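[1] test case, fold it:
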Amino acid sequence: MYHHILLIIHLLSATIWVGGHLFLSIRFLPEAIKTKDISIIQNFKDKFEPIGMPALIISLLTGILML
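    So this is what the prediction gives:
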């Protein structure tokens, strides 16, 4: 049961991490490259970082615990 809970938490946090980067690469990166404006990516980073970094840390910890 413990392993299943860790797996669910791991998958949810990995979804947030990967989904955020997919959203960045599909939605904001082409626009930033087209206009050559780095502030577009920096604005996304400022909004995503409080959600993405804890998701990355949780993914790492749950991955280690599932070993």
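
[2] ramachandran angles for the residue positioned nearest the centre of the chain?
    Note on the chain: the residue nearest the mean C-alpha position is Trp17, at 1.9 Å, using Cα atoms, centre = their mean. Per-residue torsions, Trp17: phi -60, psi -50 (degrees, to the nearest 10).

[3] mind listing what Pro54 touches?
    Residues near Pro54 by Cβ atoms under 8 Å, 6 or more residues apart in numbering: Ser13. C-beta coordinates here come from the backbone N, C-alpha and C atoms, glycine included.

[4] per-residue pLDDT, it?
    Listed pLDDT for Pro54 reads 96.

[5] return the set of buried residues in the strand or helix carrying Ile51.
    Element membership of Ile51 [criterion: DSSP states H and E] is helix 39-66. Neighbour counts over helix 39-66 (16 or more other Cβ atoms under 10 Å) mark Ile40, Phe44, Phe48, Gly52, Ala55, Ile58, Ser59, Thr62 as buried.

[6] correct me, but the residue nearest to the centre of the chain touches Ile51?
    No: counting by Cβ atoms under 8 Å, Trp17 sits too far from Ile51 to count as a contact (9.2 Å).

[7] and the one helix or strand Lys34 maps to, what does it pack against?
    Using DSSP H and E, Lys34 falls within helix 29-35. Identification of packing neighbours for helix 29-35 by 3 or more Cβ pairs under 8 Å, 6 or more residues apart in numbering; DSSP states H and E yields helix 39-66.
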